[in-house]
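Trainee: sequence? don't have it. structure:
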């Protein structure tokens, strides 16, 4: 009986078990007893191969071989980050899977960059909390860690959801020090995260030079190690250069990344746009703004479409936003006051105007949106999504410039509504 098997030998046996051909380049790398077993299995009926294999290898290895997808690429040994395979086998490489369609590839490297105060950390935290509803997520808060409690509380209150499976790592993990990031890997191994967020890059490469390709490559290799260990996506939050056009430091980071997102803030509207995508169409720009909640704020999409028929004041906008929330749908004036923190007189004035626009209707002292409002403001449905297997948050956004221009002059604001271009999807 064969006592010990390498990962490559298990892969080759899996191919043989499922009747898949095994290239000579791989057979040359397996031990002679394994090669002999593979040769023998060729003459055995495919339905009987598992029974034969159980007589030749230990039960633990039988289970491991049976669990391997024979169409995946062969495993590599040790720290080897490369493998040689025939071009004809490329068709068997797994297709790209997405945590968020077009934005966060499973096992990919994503970079979010922007100026200080642009809202990039709010964007990253929003991704984290939405993904954490169904996946394990680790957020490395390398700076400003003590403000995250308020941010997370604000997010949970606004969306009426919990923190989910979000784990916070408070303090910087030095990605240039193998001892430090390997210790990090060891501690999070019990979590098995599908998304790891590093906020920020500068604080996570202590002693390194962002402009040095050598130092940046060390960080990239550390991220690749994290990716490989857990098959997880790694998202890096980074700063822009002095010109404010591109990310700061060596372009080695851009070369290694799968997705790059640029975050800009203008007149309280936060714009997230594609700066780089690899082998996929760039996503359309997304627009958000920060809504104050208690001691912090929460990122909400600016998706209310405004036409020249009317434009909304800030108070009217907040009331529409509140009524778009899945957890509310209808409310009394007192409830709207509590949710929006708008004074009583302003609530009554705003709801009166919204009823004139036929956007809000009142029944028994409770306000709710009309069908016209739901269509006009592009409310996101509560269940369908990418790959037909995901749920969706209801939209609660608005145009950040609503009510700033004249009420009879505002033209259509081209803010994207729900599509693949929103990370308000989660499985």
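Mentor: Nice, thanks for sending it over. Predicted model, so just to flag it, every value in this text is computed and none were measured.

Trainee: quick check on residue 174: phi, psi?
Mentor: phi -80, psi 110 (degrees, to the nearest 10).

Trainee: make residue 1 into 287 and carry on from there
Mentor: Got it, first residue is 287 now, which makes that one residue 460.

Trainee: that one and residue 394, how far apart?
Mentor: Separation of residue 460 from residue 394 (Cβ to Cβ, to the nearest Å): 23 Å. In this view, the C-beta of every residue, glycine as well, is placed from N, C-alpha and C.

Trainee: show me what contacts residue 296?
Mentor: For residue 296, the contacting residues are 347, 350-351, 354, by Cβ atoms under 8 Å, 6 or more residues apart in numbering.

Trainee: around the closest residue to residue 466 other than its chain neighbours, how many other residues sit close by?
Mentor: Leaving out its chain neighbours, the residue that sits closest to residue 466 by Cβ to Cβ, 6 or more residues apart in numbering is residue 460, at 4.4 Å. With neighbours defined by other Cβ atoms under 10 Å, the count for residue 460 comes to 20.

Trainee: same check on residue 416?
Mentor: Residue 416 has 23 neighbouring residues, counting by other Cβ under 10 Å.

Trainee: repeat for the one 3 residues further on
Mentor: One way to gauge burial is a neighbour count; for residue 419, by other Cβ under 10 Å, it gives 18.

Trainee: state the pLDDT value of it.
Mentor: Residue 419 is assigned a predicted lDDT (pLDDT) of 96.

Trainee: ok, what's across the strand from the residue lying closest to residue 656 once chain neighbours are set aside?
Mentor: With sequence-adjacent residues excluded and distances taken as Cβ to Cβ, 6+ apart, residue 656 is closest to residue 647, at 5.3 Å. Here residue 647 sits in beta bridges with residue 654, going by DSSP bridges.

Trainee: ok, residue 647 - contacts?
Mentor: 641, 653-656.

Trainee: repeat that for residue 655.
Mentor: Per Cβ under 8 Å, 6+ apart, neighbours of residue 655: 606, 609-610, 615, 645-647, 663, 665.

Trainee: please redo it, this time with the cut-off set to 10 Å
Mentor: With contacts defined as Cβ atoms under 10 Å, 6 or more residues apart in numbering, residue 655 is in contact with 605-606, 608-610, 615-616, 640, 645-647, 661-663, 665.

Trainee: can you flag the buried ones in those?
Mentor: Buried subset of the contacts of residue 655 (neighbour count, 16 or more other Cβ atoms under 10 Å): 605-606, 608-610, 640, 645-647, 662-663, 665.

Trainee: straight-line length of stretch 483-490, end to end?
Mentor: 11 Å (Cα to Cα, to the nearest Å).

Trainee: same question for that stretch, mean pLDDT?
Mentor: Computed over stretch 483-490, the average pLDDT equals 94.

Trainee: stretch 313-326 too?
Mentor: On average, stretch 313-326 scores 88.

Trainee: how far does that stretch sit from the chain's center?
Mentor: Distance of stretch 313-326 from its chain centroid, counting by Cα atoms, centre = their mean, to the nearest Å, is 42 Å.

Trainee: mind listing what's buried in that stretch?
Mentor: 316, 320-321, 323-324.

Trainee: name the residues of stretch 478-489 that are buried.
Mentor: 479-489.

Trainee: right, and residue 380 touches residue 391 too?
Mentor: No. With contacts counted by Cβ atoms under 10 Å, residue 380 stays clear of residue 391, the gap being 11.4 Å.

Trainee: quick one, which of those two is more surrounded?
Mentor: With neighbours defined as other Cβ under 10 Å, residue 380 and residue 391 compare such that residue 391 has more, 21 against 11.

Trainee: phi, psi of that one?
Mentor: When read as degrees, to the nearest 10, the backbone of residue 391 gives phi -80, psi 140.

Trainee: quick one: the helices in the chain?
Mentor: Counting by DSSP state H, the chain has helices at residues 293-303, 310-313, 318-327, 335-340, 345-353, 406-417, 434-445, 464-474, 499-516, 538-542, 600-610, 619-626, 630-642, 657-662.

Trainee: contact partners of the fifth one?
Mentor: Under the contact criterion Cβ under 10 Å, 6+ apart, helix 345-353 has outside partners 288-291, 293, 295-304, 336, 339-344.

Trainee: report the helix or strand with the lowest average pLDDT across this structure.
Mentor: Using mean pLDDT, DSSP states H and E, the weakest-scoring helix or strand in the chain turns out to be strand 677-678, at a mean of 34.

Trainee: distance of residue 527 relative to residue 537?
Mentor: 11 Å.

Trainee: same thing with residue 444?
Mentor: 37 Å.

Trainee: same check on residue 436?
Mentor: 36 Å.

Trainee: same check on residue 528?
Mentor: 15 Å.

Trainee: then residue 657?
Mentor: 51 Å.

Trainee: these two: who's more crowded?
Mentor: Set residue 657 next to residue 537 and count neighbours by other Cβ under 10 Å: residue 537 wins out with 12 against 9.

Trainee: measure residue 570 to residue 560 for me?
Mentor: 8 Å.

Trainee: who has more neighbours out of these two?
Mentor: Between residue 570 and residue 560, residue 560 has the larger neighbour count (other Cβ under 10 Å), namely 19 against 13.

Trainee: so that one is in contact with residue 546, correct?
Mentor: Yes. When contacts are counted by Cβ under 10 Å, residue 560 is listed as touching residue 546 (7.5 Å).

Trainee: pull up the overlap in contacts between those two.
Mentor: Counting by Cβ under 10 Å, 6+ apart, the residues touching both residue 560 and residue 546 are residue 568.

Trainee: buried ones in stretch 564-580?
Mentor: Neighbour-count burial for stretch 564-580 [16+ other Cβ under 10 Å]: 569, 572-577, 579.

Trainee: off-centre distance for that stretch?
Mentor: Relative to its parent chain, stretch 564-580 has a centroid offset of 11 Å by Cα atoms, centre = their mean.

Trainee: pLDDT of that stretch, averaged?
Mentor: The model assigns stretch 564-580 a mean pLDDT of 88.

Trainee: and the residue nearest to residue 656, how far from residue 481?
Mentor: Distance from residue 647 to residue 481, counting by Cβ to Cβ: 41 Å.

Trainee: sorry, back to before: please determine how far the residue nearest to residue 466 is located from residue 499.
Mentor: Counting by Cβ to Cβ - residue 460 and residue 499 are separated by 19 Å.

Trainee: before we move on, what about residue 624?
Mentor: Taking Cβ to Cβ as the measure, residue 624 falls 54 Å from residue 499.

Trainee: and what of residue 484?
Mentor: 19 Å.
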